[in-house]
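*Asks:* need coordinates for the following:
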Amino acid sequence: MTFDVDALRAHFPALAKGAAFFDGPGGTQTPRPVAEAIFATMTGPLSNLGGGGSPSELNAENAVAGFRAAYADLLNVSPAGIVHGRSATQLTYDFSRHLAKTWHAGDEIVLSRLDHDSNIRPWVQAAERAGALVRWIEIDAETTELDLDSFVRVLSDRTRLVAVTAASNLLGTKPPVRRIAELAHDAGALVYVDGVHYTPHQLVDVPALGADFFVCSPYKFLGPHCGVLAAAPALLETLRPDKLAPSPDTGPERFEFGTLPYEMLAGATAAVDFLAGIDPGTGGSRRERLAHSLRSVHDHELELRARVEKALRGWEGAVTVHSKADDRTPTILMGLGGRERAAQLHLAERNVIAVAGSFYSPEAFAALKLSAPALRVGLAPYNNTDDVDRLLDGLSTFL
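*Replies:* The predicted structure follows:
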């Protein structure tokens, strides 16, 4: 079996309505098997976890176990290290509070100007409450990559945490997370990695990245709206979150407050299985099928990105491409001389969806002296050459 984009597109009801979607970095469209898994779980039977062993309780237990197993395979961690959250932002706020319990005045944390604000503001606010200082990894404006020299300058034996993105949702830039993690660990710091924009485009290996904590969002890769955090179970055991007295005090459960949304867990599991089936190669374990499928998706998306970039080079002067890093996702941020919002509307009239905005990245906009809004084009597995041609035709008539 090989990657067949037409066969893939047939699973997405939204695509039948004729739109060409380039807003994947903000959230992808949903394939039918994911929606069916949500429906099947909700119509059950389904009961809350109670240990009674009824069919409805077992369905809930299976939804939880299936979710942890699926994301263990996707991220290459233990199922006991998978935590569900409403979103990556919510998880980061929660874990900023958990971790900051051990911080003191004079401690330091290091953040990246490249990051989405969800991996900045929770840490800034937690540091303020603890009396800790915030240091910054700067962006090289010429390359739109992180300036590692600036990281080395601010890293010290007082550093308690380094938070960094694995891929910028704004520019697509993929920093050298492994090297950053090695330096941070040498200084005795923990590393928290935002993998929300990275996970849709790359097979994740959390231990290989050197991440102590890694968050992602299934709705960015064909699943429902929720968040996932991965960490080593032994590390999670060192954290004591505030919780209700009767709620579990073991494993990932103690970080998941209240009743879990079993239908969302089932949908998120179905998204992983769907990814694994896009181009599974010769089969094997789910992890092996994911690896083969995501390599095919990666190649497909980069081929489409090259098609877009070739056209943009022909419009130099009218279009300013801000995404410059050599290693980046199939995401392109561009400026159109202050006409970005008008371009979004012009494309929408042609049923082409590409969004103009600042995309929750105020630090990157300020560091790079970019004007907001900018137009972002993000590719997803279901995009095809016809989508790209419609995008380029729409831009050409706008320019």
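
*Asks:* so Ser361 sits against Thr173, correct?
*Replies:* No - assessed by CB atoms under 8 Å, Ser361 is found out of contact with Thr173, at 11.1 Å. C-beta here means a position set from N, CA and C on the backbone, and glycine is covered the same way.

*Asks:* could you give the number of residues near the residue nearest to Gly18 when sequence neighbours are not counted?
*Replies:* The shortest distance from Gly18 to any non-neighbouring residue, by CB to CB, 6 or more residues apart in numbering, is to Asn351 (5.5 Å). A total of 13 residues lie near Asn351 under the criterion other CB atoms under 10 Å.

*Asks:* how about Asn351, what does it touch?
*Replies:* Residues near Asn351 by CB atoms under 8 Å, 6 or more residues apart in numbering: Gly18, Ala19, Ala20, Arg390.

*Asks:* got the contact list for the second one?
*Replies:* Looking back up the chat, that one is Ala19. Applying CB under 8 Å, 6+ apart, we find Ala19 in contact with Asn351, Val352, Ile353.

*Asks:* mind checking how far the helix or strand where Leu302 lies is from the chain centre?
*Replies:* Using DSSP states H and E, Leu302 maps to helix 286-313. The chain centroid and the centroid of helix 286-313 are separated by 16 Å, computed with CA atoms, centre = their mean, to the nearest Å.

*Asks:* so how many other residues sit close to Leu275?
*Replies:* Look at Leu275: counted by other CB under 10 Å, it has 26 neighbours.

*Asks:* mind checking the SS state of it?
*Replies:* helix (DSSP: H, G, I helix; E, B strand; the rest coil).

*Asks:* returning to what we had before: out of the contacts of Asn351, list just those in helices.
*Replies:* For the contacts of Asn351, membership in helices holds for Arg390, with DSSP state H as the criterion.

*Asks:* show me which of the contacts of Asn351 are buried.
*Replies:* By neighbour count, with 16 or more other CB atoms under 10 Å, these hold Ala19, Ala20, Arg390 as buried.

*Asks:* excluding chain neighbours, give the residue nearest to the last one in space.
*Replies:* In this structure, Arg390 finds its nearest non-sequential neighbour in Ala20, 4.9 Å apart by CB to CB, 6+ apart.

*Asks:* residues of stretch 182-200 that come out buried?
*Replies:* Applying a neighbour-count criterion of 16+ other CB under 10 Å, one finds 183-184, 187, 189-200 buried in stretch 182-200.

*Asks:* biggest separation within those residues, which pair?
*Replies:* Ala187 and Pro200 (30.8 Å; CB to CB).

*Asks:* ok, Val154 to Leu260 distance?
*Replies:* Computed with CB to CB, to the nearest Å, the distance linking Val154 and Leu260 is 39 Å.

*Asks:* residues contacting the residue nearest the centre of the chain?
*Replies:* By CA atoms, centre = their mean, the mean C-alpha position of the chain lies nearest to Val196, the distance being 1.0 Å. Contacts for Val196 (CB under 8 Å, 6+ apart) come out as Ala88, His116, Ser118, Thr165, Asn169, Val215, Cys216, Ser217, Lys220.

*Asks:* which of the residues you listed fall within helices?
*Replies:* Reading helices off the contacts of Val196 with DSSP H, I get Ala88.

*Asks:* and the contacts of Val196 as CSV, adding pLDDT, neighbour count and distance to Thr320?
*Replies:* Listed next are the contacts of Val196 as CSV, based on pLDDT from 0 to 100; neighbours: other CB atoms under 10 Å; distance: CB to CB, whole Å:
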residue, pLDDT, neighbour count, distance to Thr320
Ala88, 98, 24, 30
His116, 98, 24, 22
Ser118, 98, 23, 27
Thr165, 98, 27, 23
Asn169, 98, 27, 19
Val215, 99, 28, 31
Cys216, 98, 28, 30
Ser217, 98, 26, 29
Lys220, 98, 25, 26
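
*Asks:* summarise which helices and strands the helix holding Leu302 is packed against.
*Replies:* In terms of contacts (3 or more CB pairs under 8 Å, 6 or more residues apart in numbering; DSSP states H and E), helix 286-313 is packed against helix 55-75, helix 262-276, strand 331-335, helix 385-398.

*Asks:* if we use 6 Å, what do you get?
*Replies:* Where contact means 3 or more CB pairs under 6 Å, 6 or more residues apart in numbering; DSSP states H and E, helix 286-313 is packed against helix 262-276, helix 385-398.

*Asks:* name the residues of it that are buried.
*Replies:* Here helix 286-313 shows 286, 289-294, 296-298, 300-301, 304-305, 308, 311-312 as buried, counting by 16+ other CB under 10 Å.

*Asks:* now stretch 391-399
*Replies:* Leu391, Leu392, Gly394, Leu395, Phe398.

*Asks:* and the third one, how close does it get to Val321?
*Replies:* Distance check for Gly394 against Val321: by CB to CB, it reads 17 Å.

*Asks:* ok, longest strand in the protein?
*Replies:* When the chain is parsed with DSSP state E, its longest strand is strand 159-165.

*Asks:* that strand pairs with which strands, and in what direction?
*Replies:* Applying DSSP bridges to the sheet, strand 159-165 is found paired with strand 108-112 (parallel), strand 190-194 (parallel).
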